[in-house]
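Chemist: What follows is a protein structure lacking sequence information:
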């Protein structure tokens, strides 16, 4: 339960800070802009990595947990527990953001949800959104697999993972709002409803596909490296 509690807390912080930064600052055209919002997501990962990393590994993302399951670095039981904790954490964070939203005058617009077509800043269509989320999640998970593959990177792993999340957000925010994390997308969508909820399936399925492909690539590269030695 300690691991699951840590995942709940970590995903709560990621969603509350990242999605909150997008909502409170007014989105892309707001005070923080793309870079500010991207750094909010990235820095929340850095903070949580060094807070709960030694307890749960700080996945705080079902796509990351899926990658660890496929890589046989966690059991199916723990995978289920992690995903439930992550979704609950993101949902609780979105609920708090919605509550804060209701106390603002005027009310804030959005909860940092993801979307395509009219919900995309650049009007990216559904196919494009799927491609973007698969590719960005692949990059993110591949970085995680690489930096956690050896103990010598242990002291900087959290920073590398956080900065990777920030840089995929820099390109992804104008396109889809950047998910790369099914829990972070589902929580806000549940409270936003409407278009965000009807489109959230893309931001659940595409990151999981991206994570699975990342594992395949990493295993191929690792196997090739071992043979070269």
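Modeler: That came through, no problem. All of these numbers come straight from a predicted model, not from anything done at the bench.

Chemist: And residue 123, how far from residue 176?
Modeler: 11 Å (Cβ to Cβ, to the nearest Å). Backbone N, C-alpha and C define where each C-beta goes, glycine included.

Chemist: can you check residue 16 too?
Modeler: 20 Å.

Chemist: Not counting sequence-adjacent ones, nearest residue to the residue nearest the centre of the chain?
Modeler: The residue lying closest to the centre of the chain (Cα atoms, centre = their mean) is residue 181, at 3.3 Å. Excluding the flanking residues, the one nearest residue 181 by Cβ to Cβ, 6 or more residues apart in numbering is residue 61, at 4.3 Å.

Chemist: And for the one you found, the neighbour number?
Modeler: Other residues lying near residue 61 total 31 when counted by other Cβ atoms under 10 Å.

Chemist: backbone phi and psi for it, please?
Modeler: phi -170, psi 120 (degrees, to the nearest 10).

Chemist: contacting residues for it?
Modeler: Residue 61 is in contact with 11, 14, 86, 180-184, 207, counting by Cβ atoms under 8 Å, 6 or more residues apart in numbering.

Chemist: What pLDDT is listed against it?
Modeler: Confidence at residue 61, expressed as pLDDT, is 97.

Chemist: Helices along the protein, start to end?
Modeler: Assigned by DSSP state H, the chain shows helices spanning 2-25, 33-56, 62-70, 76-103, 126-147, 157-172, 182-192, 194-199, 202-228.

Chemist: of all those, which gets the most neighbours per residue?
Modeler: helix 182-192 (a mean of 27; mean count of other Cβ atoms under 10 Å).

Chemist: what sits up against it?
Modeler: With Cβ under 8 Å, 6+ apart as the test, helix 182-192 has contacts from 11, 14-15, 18-19, 60-63, 83, 86-87, 89-95, 97-98, 110-114, 179, 196-197, 199-200, 203-204, 207-208.

Chemist: Can you pick out the residue with more neighbours from residue 123 and residue 176?
Modeler: Neighbour tally, residue 123 and residue 176, criterion other Cβ under 10 Å: the higher count belongs to residue 176, 28 against 11.

Chemist: That one is in contact with residue 120, isn't it?
Modeler: Yes. Residue 176 is within contact range of residue 120, at 6.1 Å (criterion: Cβ atoms under 8 Å).

Chemist: overlap in contacts of those two?
Modeler: Listed as contacting both residue 176 and residue 120 by Cβ under 8 Å, 6+ apart are residue 129.

Chemist: Give the residue spans of this structure that score low on pLDDT.
Modeler: 107-109, 224-229 (pLDDT under 70).

Chemist: now with 80?
Modeler: 105-110, 223-229 (pLDDT under 80).

Chemist: Need phi/psi at residue 125.
Modeler: The phi/psi pair for residue 125 (degrees, to the nearest 10) reads phi -80, psi 180.

Chemist: For residue 172, give its distance to residue 3.
Modeler: Distance from residue 172 to residue 3, counting by Cβ to Cβ: 29 Å.

Chemist: Quick one: residues contacting residue 200.
Modeler: Contact analysis of residue 200 by Cβ under 8 Å, 6+ apart lists 113-114, 185-186, 189.
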